[in-house]
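Visitor: What follows is a predicted structure for the sequence shown.
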Amino acid sequence: MHYSLTISVGVFGCARLSLIVCTIALGPMMLILKKDVVGMIGFSGCHKCTAALRMLAYGTTVDSWDEYLQMSESTHGDAMVRFATIVVKVFGPQYLREPTVADTERLLAISEARGCLGLLGSLDCMHWKRKNFPKALQGQYQGHVKNSIILEAVASQDLWIWHAFFGISGSHNDINVPQQPSLFARLTEGKAPPCQYNINGHEYNMCYYLVDGIYPPWTTFVSTISNPVGQKKSHFAQRQEATRKDIHRTFGVLQGRFAVVRGPAKQHDPKTLWEVMTCCVIMHNMIVEDEGDDVVAALKFENMESYPTCEAEYNHI
């Protein structure tokens, strides 16, 4: 069984997950060992973690690994839900934290090396389809992606997800999703880390996010120019759209690593869906941290400073 656990951890390519899985497997929620009618002890914590990791990585149903792991369907489903609950509770405060002062300084340094002063990340939404949902509520999940739940996320160039807000019905869009009091809570309360930068001789004290054209024209949003006229505006639109691909790459990597969020959601309970999605985001950030995030060194290696910056056409509203 330790061999199966090693294979499951190796699916994500992250050695740090081995220690994390062992921590979860030895936790009180996974150490509930019961005896059956013949006195045989039940499944261990490592056994349950193996089942949970395989279901998250391959996006399979609860009866896909019953012959291989010798576990029933109900035990498979319960193991994945408990695994996700423990990951969110234990590792959520660290790997889903809001940017601290040190994090903000590092993000601003990376953005400056890329030629986009004051940039904190790229913002976009991803739809997760629901396979099973109450028919009485299907109207509010009918958007341009049918029967889906929206994940709003902010990602930096190293693919670290700094903000993840999940649970909005699919009938919403990019216009009304940012109106949820989540992303700008600290900014409105005056608790956001300080930010000072200069663009074209103007001093700014508020960072911004790159978005597509459908987002509202807020001060913290910078979108592309739909019909650029002239070399300067065309260059700005090209650099903005290229930099904004960070969030698209993040969604692609997240779905590639965890097939459970690539296919239709099979759970019914909205809280369970939130725990599964949040668990995948947390483990995604764990893998990003394990692989290293020396993006500034990589940018210097690629000689990004030789490119012209995209600060010429940026103006706060």
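Guide: Looks like it came in fine.
Visitor: What's the end-to-end length of stretch 53-73?
Guide: Here the two ends of stretch 53-73 are set 15 Å apart, with distance taken as Cα to Cα, to the nearest Å.
Visitor: so how far is that stretch from its chain's centroid?
Guide: Distance of stretch 53-73 from its chain centroid, counting by Cα atoms, centre = their mean, to the nearest Å, is 24 Å.
Visitor: Residue numbering should commence at 53 henceforth.
Guide: New numbering, starting at 53: the last item is stretch 105-125.
Visitor: Tell me where this protein has strands.
Guide: Here the chain has its strands, by DSSP state E, at 171-181, 200-207, 213-221, 249-251, 254-256, 260-262, 273-274.
Visitor: who does the first one pair up with?
Guide: Looking at strand 171-181 with DSSP bridges, its partner strands are strand 200-207 (antiparallel), strand 260-262 (parallel).
Visitor: wait, which of the ones you listed is closest to Asn250?
Guide: The closest of these to Asn250 is strand 260-262. By Cβ to Cβ, the value is 14.2 Å. To be clear about C-beta, it is placed using only N, CA and C from the backbone, and glycine gets the same treatment.
Visitor: Excluding its own residues, what touches the closest one? List them.
Guide: The contact list for strand 260-262 (Cβ atoms under 8 Å, 6 or more residues apart in numbering) reads 168, 170-175, 206, 271-275, 292, 295-296, 368.
Visitor: Kindly recompute the last result at 6 Å.
Guide: Strand 260-262 is contacted by residues Gly170, Leu172, Gly173, Ser174, Leu175, Thr272, Val274, Thr295, Arg296 when judged by Cβ atoms under 6 Å, 6 or more residues apart in numbering.
Visitor: so what's Ala136 up against?
Guide: By Cβ under 6 Å, 6+ apart, the residues touching Ala136 are Glu327, Val328, Cys331.
Visitor: If you rank those residues by neighbours, which is first?
Guide: Most neighbours among the contacts of Ala136, by other Cβ atoms under 10 Å: Val328, with 28 neighbours.
Visitor: hmm, back to that, ok, so of the contacts of Ala136, who is nearest Ser200?
Guide: Val328 (14.7 Å).
Visitor: Contacts only, for that closest one.
Guide: Here Val328 is in contact with Ala136 (criterion: Cβ under 6 Å, 6+ apart).
Visitor: any idea how far Ser208 is from it?
Guide: Distance of Val328 to Ser208, given as Cβ to Cβ, to the nearest Å: 24 Å.
Visitor: mean pLDDT for the strands of the chain: which is lowest?
Guide: Of all the strands of the chain, strand 249-251 carries the lowest average pLDDT, namely a mean of 80.
Visitor: what's the domain layout of the protein?
Guide: What automatic domain parsing lists as the domains of the chain is 54-146, 151-358.
Visitor: for the stretch 103-252 of the chain, what are the low-confidence residue spans?
Guide: By pLDDT under 70, the low-scoring segments of the stretch 103-252 of the chain are 185-198, 221-234, 240, 242.
Visitor: Same question for stretch 101-111: list its buried residues.
Guide: Buried residues in stretch 101-111, defined by neighbour count with 16 or more other Cβ atoms under 10 Å: Cys101, Thr102, Ala103, Ala104, Leu105, Arg106, Met107, Leu108, Ala109, Tyr110, Gly111.
Visitor: Give me the subset of these that lies in helices.
Guide: Using DSSP state H, the subset of the buried residues of stretch 101-111 located in helices is Cys101, Thr102, Ala103, Ala104, Leu105, Arg106, Met107, Leu108, Ala109, Tyr110.
Visitor: Go ahead and confirm the fourth one touches Phe135.
Guide: Yes. Counting by Cβ atoms under 6 Å, Ala104 does reach Phe135; the two are 3.6 Å apart.
Visitor: what about Thr330, neighbour count?
Guide: Thr330 has 21 nearby residues by other Cβ under 10 Å.
Visitor: Distance check, Lys100 against Trp117.
Guide: In this structure, Lys100 and Trp117 are 11 Å apart, going by Cβ to Cβ.
Visitor: Tell me which of those two has more neighbours.
Guide: A count of neighbours by other Cβ under 10 Å puts Lys100 above the other of Lys100 and Trp117, at 26 against 19.
Visitor: Pull the contacting residues for the closest residue to the more buried one other than its chain neighbours.
Guide: Residue nearest to Lys100 in three dimensions, not counting chain neighbours: Ala131, with 3.8 Å by Cβ to Cβ, 6 or more residues apart in numbering. Contact partners of Ala131, counting by Cβ under 6 Å, 6+ apart, are Lys100, Ala103, Ala104.
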